[in-house]
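In: predicted coordinates and the sequence they were generated for:
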Amino acid sequence: MGRQVVSSDLPAHQECVVSSSKVVVLGIVCADVIARPVDGMPERGLMVPIDQLELHTGGCAANVGIDLSRLGVVCSILGKIGRDGFGDFVLHTLEQEGVDVSGLRCAGGIQTSATVVLVAPDGERSFLHCLGANAMFVSEDVDMELVRSADILVVAGSLLMPKLDGEPTAEVLRGARESGAVTLLDTAWDASGRWMKSIETCLPFCDYFLPSEAEAAMLSGVTEPEAMAASFVARGARNVIIKLGDKGCLLRTEDGVIEHVAAPVVSAVDTTGAGDAFVAGFTAGLVHGWNASRCAQLAVTVGAMCVTATGASSGVRSFAETVQVMEREELM
């Protein structure tokens with residue numbers, strides 16, 4: 001088991017949550033340049049003014065790590081960045097947020113992954129993404145000693161790590177499982193089109209599989225969330241949670257119980273990072289020893305809070321505030 005979390009370990013903006021669980025988050029790390037509002041791309045050679053242009057940390061692993069830290073859960077992050085300005089920014093921000101970066105690899109000759117996030121007036125996003133260092137993240141970069149020491153391992157951003165996806169990720173999950181860790185796997189949109197070919201070997205080592213509805217449809221080849229979940233269970237996943245955006249999520253537990261969990265109704269400002277906030281919320285529930293249903297309720301609440309502010313983590317609040325919102329089923 002990991003060390004006790006005490007208040008002196010956490011940044012001032014956090015509320016302490018005492019926990020003996022050691023959480024490790026492995027996956028993609030990048031910088032997000034967020035532009036809003038953007039109605040469309042400008043014509044060639046023209047400039048279009050916008051209201052906001054901001055730099056934030058991004059990438060599924062970075063988002064989940066920061067969100068966990070804001071929820072009072074100390075975690076370690078495994079990923080790869082370049083020795084450049086974006087990399088310096090990501091590293092500094094993670095440290096400032098209280099995330100352990102000892103497993104974050106920094107390499108010369110490659111650029112830190114970065115995304116230009118174009119946010120429409122209704123909060124929906126489009127992306128221009130450079131894989132950068134995430135494309136060079138390989139098995140040798142993964143600190144398996146840190147993985148084996150974990151009580152909970154979260155793989156965040158599978159399908160966007162071309163040299164680690166598939167069997168290498170399955171081996172990491174297998175190592176964590178053999179050491180007694182609870183394993184979670186979250187996917188991203190697979191621009192390469194491999195989908196199930198890259199994920200199938202991982203599912204037998206997943207305690208919780210948490211794709212979005214769109215990703216689950218591409219992976220499974222079916223359109224109904226219950227059928228999606230059934231297909232992943234048939235391939236070995238123990239529990240499946242399908243993220244349904246503002247409709248909440250569908251949970252299928254290992255004993256076959258199916259539950260639809262509604263999300264609080266909010267006014268969306270920016271949906272960047274909502275899925276990662278969901279994963280962080282679910283993980284925080286596991287840290288507290290909650291059952292899957294209550295974890296899902298916390299997850300949809302953290303996801304809803306996330307979209308109320310610009311950036312992937314700006315809307316995420318303390319654990320106590322989040323639980324209050326969850327129990328009231330409304331977001332002020």
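Out: Sure thing, it's come through. Residues are numbered from 1 along each chain as shown.

In: and Ser179, how many neighbours?
Out: For Ser179, the neighbour count with other CB atoms under 10 Å is 14. For glycine as for every other residue, the C-beta is placed from the backbone atoms N, C-alpha and C.

In: show the model's pLDDT score for the closest residue to it other than its chain neighbours.
Out: Distances taken as CB to CB, 6 or more residues apart in numbering place Arg148 nearest to Ser179, at 4.1 Å, with adjacent residues excluded. With respect to pLDDT, Arg148 scores 94.

In: any idea which element the spatially most central residue of the chain lies in?
Out: What sits nearest the mean C-alpha location of the chain, by CA atoms, centre = their mean, is Asp276, with 3.0 Å. Under the criterion of DSSP states H and E, Asp276 resides in helix 274-287.

In: from the chain's centroid, how far away is that helix?
Out: 8 Å (CA atoms, centre = their mean, to the nearest Å).

In: gap between Asp32 and Pro162?
Out: 20 Å (CB to CB, to the nearest Å).

In: show me where pLDDT drops low in this structure?
Out: 1-21, 329-332 (pLDDT under 70).

In: mind jotting down where the helices sit in it?
Out: Here the chain has its helices, by DSSP state H, at 60-70, 85-96, 144-148, 167-178, 196-199, 213-220, 225-234, 274-287, 292-306, 319-328.

In: then the second one to PDB, C-alphas only?
Out: Written as PDB, here are the backbone C-alpha positions of helix 85-96 (Å, rounded to 0.1, in the frame of the first residue of the first chain):
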ATOM      1  CA  GLY A  85       9.000  25.200 -23.900                       C
ATOM      2  CA  PHE A  86       5.800  23.200 -23.900                       C
ATOM      3  CA  GLY A  87       7.600  20.400 -21.900                       C
ATOM      4  CA  ASP A  88       8.900  22.900 -19.300                       C
ATOM      5  CA  PHE A  89       5.400  24.300 -19.000                       C
ATOM      6  CA  VAL A  90       3.800  20.900 -18.600                       C
ATOM      7  CA  LEU A  91       6.400  19.700 -16.000                       C
ATOM      8  CA  HIS A  92       6.100  22.900 -14.000                       C
ATOM      9  CA  THR A  93       2.300  22.800 -14.000                       C
ATOM     10  CA  LEU A  94       2.100  19.200 -12.900                       C
ATOM     11  CA  GLU A  95       4.500  19.900 -10.000                       C
ATOM     12  CA  GLN A  96       2.600  22.900  -9.000                       C
END
